[in-house]
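> Dropping the sequence and predicted coords here.
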Amino acid sequence: MAWKGRLERIDDHRWEIPRDPESGMRTNAVIFAKESMIPQICGDNAPQQAANVACLPGIVGSSMAMPDIHWGYGFPIGGVAAVDSNEGSISPGGIGFDINCGVRLIRTGLKAEDIKGSIGVLVDELYKNVPSGLGSKGLTKVGNRELEEILSNGSEWAVENGYGWERDLEVTEEKGHMTDADTTKVSDKARKRGLPQLGSLGSGNHFLEVDVVGKVFDERVAKVFGLEEGDVTVTVHCGSRGCGHQIATDYLQQMERYVKDNRVDLPDRQLACAPLNTGLGDDYYAAMCCGANYAWANRQMITHWVRESFERILGGSAEDMGMDVVYDVAHNIAKKERHEVEGHKEDVLVHRKGSTRAFCAGRPEVPMMYRDVGQPVIIPGDMSVGTYVLVGLQGAMEETFGSTCHGAGRKMSRKAATESLRAGDIRAGMSDLDIYLRNGSEEGLLEEAPQAYKDVDEVISVVCDSGLTARVAKLTPMGVVKG
């Protein structure tokens, strides 16, 4: 079904669904997109979900969708919504099943020519050392006591147990640890699913990529981020695996009952929610924080194995190779933040579902080393084109609660991709681009084909031309590991 409702052009990069009180909308919805993107966006009816989100109890500002918008569960993927911290509700559909799915960028002091002859064996080593694929299990076995600490402390646990460097924490969103985590709010089933999977990529759109800095757009900011043209980098994209999925499932079931029993008027049951500062709403937020901590520990452990893989194949130490984390960003999460709303500073809870935080210079949440320029924002495209590094701007703070896009966004469903594409063609296309590919299942490769995604250059042009972020660098893939 395609969107047939009102969608009014504001300017070259913004479109509005006006508030319709009769449908329960408490505010308007704004979609960031070029006109050329609108037919595809309307084609999968994602604007309907943006309008539905505008019905969320306690929403402040607009319901927003980034240019990578596509149909999701409850919220559209690419959706942003803030709610009042006292009177608003939290919705698991506004975070997603893969809690704290996110991206980590690791820089190196290596140049592309240093690894060009070794890229195949290096990617093979990464494929071996970082488990990937549906149901994949981590190399490190942890017990219930360790899992308790991971859910509580996130990346801190990983670093304290030898998986990385203390300074990695400084360049991780929330320093890899959400302090509102309460492990008593996580079910035994979620723990059981999470235990064997720690330290693994998983499947779907998750990946590990060896890139080269192909182009620098802003020399000053790139220098602050430690990036130069020709540098080798590593991008890691994964989340909270089965642990986060089960947390979402558990609380969605409870919130569906709550909505029904309390006759909360919502246009879609997938928007099931519960008020903040009540038992169920706070319980979910505390459990979500645990899922987020799991994901940060997961990416931290993978970082350790990435460094070990480089050491084994290239012979030097990770320290000598300059393998520092540039930044780690979440793009499926809810965060308690302070923002300006209608001219006043207010405490809000920001849902980001397929959306990345993009804070500007001066915000205390931005690491001190980046505070003069703004937060690094890492936006992957499809596996054939690589990743953009952006920086947050004041425009995002004023308009989107410090948020931007999270990737290219799908234009083809997974089913359509598997039915219309051939794995051999995808491998040939990657080979033609001189990109070394290791993947798990054929089905997974088809689902994640470059043809299934929007043009990331177009997506980035919207969030940059609209003043939310600015381009810093673009990374070009040399080798890719897909689950």
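Arrived safely, thanks for sending. No experiment lies behind these values; they were computed from the predicted model shown.
> For the nearest residue to Ile426 once chain neighbours are set aside, give me phi and psi.
Nearest non-adjacent residue to Ile426, counting by Cβ to Cβ, 6 or more residues apart in numbering: Ala449, 5.1 Å away. Glycine gets a C-beta too; all of them are placed from N, C-alpha and C. Main-chain dihedrals, Ala449, degrees, to the nearest 10: phi -60, psi 150.
> The residue lying closest to Trp305 once chain neighbours are set aside and Ser309: what is the separation?
What sits nearest to Trp305 in space, not counting adjacent residues and going by Cβ to Cβ, 6+ apart, is Asn129, at 4.5 Å. Using Cβ to Cβ, to the nearest Å, Asn129 is found at 5 Å from Ser309.
> what about those two, which has more around it?
Ser309 (24 against 18; other Cβ atoms under 10 Å).
> where does the more buried one fall, helix, sheet strand or coil?
On the three-state scheme (DSSP: H, G, I helix; E, B strand; the rest coil), Ser309 is labelled helix.
> list the contacts for the residue nearest to it when sequence neighbours are not counted?
Once flanking residues are discounted, Ser309 sits nearest to Glu125: 4.4 Å by Cβ to Cβ, 6+ apart. Counting by Cβ atoms under 8 Å, 6 or more residues apart in numbering, Glu125 makes contact with Ser309, Arg312, Ile313.
> okay, the residues you listed in a markdown table with pLDDT and distance to Thr418 next?
Shown next, in a markdown table, are those (pLDDT from 0 to 100; distance: Cβ to Cβ, whole Å):
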| residue | pLDDT | distance to Thr418 |
| --- | --- | --- |
| Ser309 | 97 | 30 |
| Arg312 | 96 | 35 |
| Ile313 | 97 | 33 |
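> Any idea how many residues pack against Leu468?
28.
> Do I have it right that it meets Cys360?
No. Judged on Cβ atoms under 8 Å, Leu468 makes no contact with Cys360 at a distance of 9.8 Å.
> Please point out which parts of the helix or strand of the chain with the lowest mean pLDDT sit buried.
None of the helices or strands of the chain scores lower by mean pLDDT, DSSP states H and E than helix 442-447, at a mean of 88. By neighbour count on 16 or more other Cβ atoms under 10 Å, the buried set for helix 442-447 is Gly444, Leu445, Leu446, Glu447.
> Also stretch 112-120?
For stretch 112-120, the neighbour count (16+ other Cβ under 10 Å) marks Ala112, Ile115, Ile119 as buried.
> Which residues does it contact?
By Cβ under 8 Å, 6+ apart, stretch 112-120 touches Leu122, Val210, Val212, Gly230, Val232, Ile313, Leu314, Tyr436, Met478, Gly479.
> how close does Tyr284 get to Arg338?
Per Cβ to Cβ, Tyr284 is found 21 Å from Arg338.
> Look at these two and report which has more neighbours.
Taking neighbours as other Cβ under 10 Å, Tyr284 and Arg338 compare with Tyr284 leading, 26 against 13.
> in the host helix or strand of the more buried one, what counts as buried?
Element membership for Tyr284, per DSSP states H and E: helix 279-314. Going by neighbour count (16+ other Cβ under 10 Å), the buried part of helix 279-314 is 280-307, 309-311, 313-314.
> who does the lengthiest strand in the chain pair up with?
Ranked by residue count under DSSP state E, the longest strand found in the chain is strand 469-482. Strand 469-482 has its sheet partners listed here by DSSP bridges as strand 207-216 (antiparallel), strand 387-392 (antiparallel), strand 436-439 (parallel).
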